[in-house]
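Asker: Would you be able to build a 3D model of this:
(one chain, ligands or ions: 1)
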Amino acid sequence: MCGIIGILGSEPAAPRLLDALKRLEYRGYDSAGIATLDETGKLDRRRAPGKLKNLEAELAERPLSGNQGIGHTRWATHGSPTVGNAHPHVSAGVSVVHNGIIENFRELREELEARGHTFETETDSETIAHLIADNLKAGMSETEAVKAGLARLEGAFALAFLFEGRPDLLIGARKGSPLAIGVGEGEMYLGSDALAVAPFTNKVVYLEEGDWCVLAREAYTVFNEDGEEVDRGVTLVQGGGAMVEKGNYRHFMQKEIFEQPDSTARTIGAYVNALKQTVELPGNNGDAINWSKITSLYMIACGTAHYATRVAEYWFEQMAGLPVKTDIASEFRYREPALPKEGGLALFVSQSGETADTLAALRYCKEHGLKTAAVVNVPTSTIAREADLVLPTLAGPEIGVASTKAFTAQLSALAAVAIAAGRARDALSQDEETRLAKVLTELPRLISTTLALDEDIEALARDIAKATDVIYLGRGVHYPIALEGALKLKEISYIHAEGYASGELKHGPIALIDEETPVVFVAPYDALFDKSLSNLQEVAARRGEVILLSDSRGVKAAGDAPAHCVELPDCDAFIAPILYSVPVQLLAYHVAVEKGTDVDQPRNLAKSVTVE
Ligand code: F6R
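Answerer: Residues are numbered from 1 along each chain as shown. Next up is the predicted model:
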């Protein structure tokens, strides 16, 4: 949801702001804009609707000078994605970029209008510029004006301010949306994440909830919500901007799919001691959860991360004998769940670690006395910092909006944690732990073998791209993979797709089956295969176009009922749902490419959903 960048530099800011926005574009791409102060301290801005390339063209035609500025890439909440509604917003020499939602903007706007302010946009964000300008008019300094203004804002925000006539000043603030300071050599930066400032510096100061900061080129000061000066420490961030290049791949999503042998290997390596073939939770986390005392496990997440929890639900129940409830974060706290007084563990799964609903659910659980853990990909994110225990995924930065390598890394980490829980609860023997740990370490190799099916899947995708509806079916632990397959397809190809549990087919969805509707069965040859095969035959008998994702035995058993088969390598049932994620990702990817959609930045979506 919206990316923010600010630069107080010693060389022309506009090209650097644009460059940083490219790394932030995954957060939103409805419009973009930058504002700079020129050599005389005069404020000017350029904005453009749609993708960054439009802003780039606008800047090529009407360049902006000056060494300091702010930039924004927008995911629209209030107001359509027009140039008029694009950030930065300006009022009387105050310019602001905003990520989040100001909930009381209507009241503030009425109040400011009554005091003579004229608004140009339909956004909530413009109110902030007017509010601060109003405080300046009342005689406050920039710092005082922001401090007083922040106290009036309700909702979520990350903000960066630029002031006309103040060539050595940037002010930032965060509440509910992430913001970090980048500390350079005689330069200072603000960014929604470390990625934004990665080419400029690896020294990052993460602001905490309610913090705001005042930046000059040589120094910065951080204040907490009460206005007290605080020291948030400097984090040295690993990996630079190079990590987010596409390399030889056509799209980030494709690159990320093909990175999965590495990203799962890294993640599994953090949990599995390959020498001893045991599972140890990373860091000092081994004893942080007394699994034998846990009476119920809540797993809460959104979207693809939620589907990872739906797979893990089977693992924790079967391997650790632990009662599990999974829930979508946006529903969880509003249904006022009856949480246990003791023995409850709430586990949150998030790639970004910033998803507003997941974060709110985490805070809700903490308030209700539950111990919290988070499987998270961004170690410096808010969810990682607020959870009692962090269970990292080491997928590396995921840029494609559709989650792929983060999903398989989440599954890999959850699989390892389920083994650890099973052992600690005496539900798994040491021999079983050894066997499962070994099976898990075989996953990266099997993913490599599966990726070799790319061309076959591409050929299949040309056919599926003609469909208007696609159904995905799976049983047991593969039911969530069917859900994930359908989500992946619809979000990047815009083809309507639904995932169902195969056994549910005859309770309704079978009515959808016709010659035009491809039905993708996710069905390795496991204990439930015969049942899946019956469902497959029910579809084939109704002239549905069956696509079977299975292994050698499954493909053989299915005979000529499927119209197409994709034969994956044989694997242990434990890791099958992780492996079978790969062909559904490839299928969605190639269908989208065939349809010519914007694979990495599908319409209406954003990578990090920091609003409710
Ligand atoms: C789908 C997708 C989303 C995210 C969801 C949660 O491909 O990427 O459904 O999984 O928005 O995001 P995180 O994991 O960052 O909390």
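Asker: What strand or helix carries Y364?
Answerer: Using DSSP states H and E, Y364 maps to helix 356-367.
Asker: Kindly report the same for L297.
Answerer: strand 296-301.
Asker: Of all the residues in the helix or strand following that strand, which ones are buried?
Answerer: As assigned by DSSP H and E, the chain's next helix or strand after strand 296-301 is helix 303-320. For helix 303-320, a neighbour-count test (16 or more other Cβ atoms under 10 Å) marks 303-316, 318-320 as buried. The way it works is simple: take the backbone N, C-alpha and C, and place the C-beta from them, glycine included.
Asker: Helix 303-320 to helix 356-367, inter-axis angle?
Answerer: Counting by axes from the mean of the first three to the mean of the last three Cα atoms, to 10 degrees, helix 303-320 points 40 degrees away from the direction of helix 356-367.
Asker: Helix 303-320 - contacts with which helices or strands?
Answerer: In this structure, helix 303-320 packs against strand 296-301, strand 324-328, strand 344-350, helix 405-424, helix 479-493, with contacts taken as 3 or more Cβ pairs under 8 Å, 6 or more residues apart in numbering; DSSP states H and E.
Asker: same question for the fourth one, mean pLDDT?
Answerer: Along helix 405-424, the predicted confidence averages to a pLDDT of 97.
Asker: Would you mind writing the CA trace of that helix as CSV?
Answerer: Extracted in CSV, the C-alpha atoms of helix 405-424 (Å, rounded to 0.1, in the frame of the first residue of the first chain):
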residue,chain,number,x,y,z
LYS,A,405,8.6,-18.2,-3.0
ALA,A,406,7.3,-16.7,0.3
PHE,A,407,4.5,-19.2,0.3
THR,A,408,6.8,-22.3,-0.1
ALA,A,409,9.2,-20.8,2.5
GLN,A,410,6.2,-20.3,4.9
LEU,A,411,5.2,-24.0,4.3
SER,A,412,8.8,-25.1,4.8
ALA,A,413,9.1,-23.2,8.1
LEU,A,414,5.7,-24.4,9.3
ALA,A,415,6.5,-28.0,8.4
ALA,A,416,9.7,-27.8,10.5
VAL,A,417,7.9,-26.1,13.4
ALA,A,418,5.2,-28.9,13.3
ILE,A,419,7.9,-31.5,13.6
ALA,A,420,9.4,-29.6,16.6
ALA,A,421,6.0,-29.4,18.2
GLY,A,422,5.3,-33.1,17.6
ARG,A,423,8.6,-34.1,19.2
ALA,A,424,8.1,-31.8,22.2
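Asker: Can you name the element that comes right after it?
Answerer: Next helix or strand after helix 405-424 toward the C-terminus (DSSP H and E): helix 430-451.
Asker: in the stretch 501-612 of the chain, which segments are predicted with low confidence?
Answerer: 610-611 (pLDDT under 70).
Asker: List, one by one, the residues from it near the ligand.
Answerer: Neighbours of the ligand within the stretch 501-612 of the chain, by Cβ under 6 Å from any ligand atom: 608-609.
Asker: so the residue of the stretch 501-612 of the chain found nearest the ligand is in which element?
Answerer: Closest to the ligand within the stretch 501-612 of the chain is V609: 4.8 Å, counting by Cβ to the nearest ligand atom. For V609, there is no enclosing helix or strand under DSSP H and E.
Asker: If anything else comes up later, I'll come back, but that's it for now.
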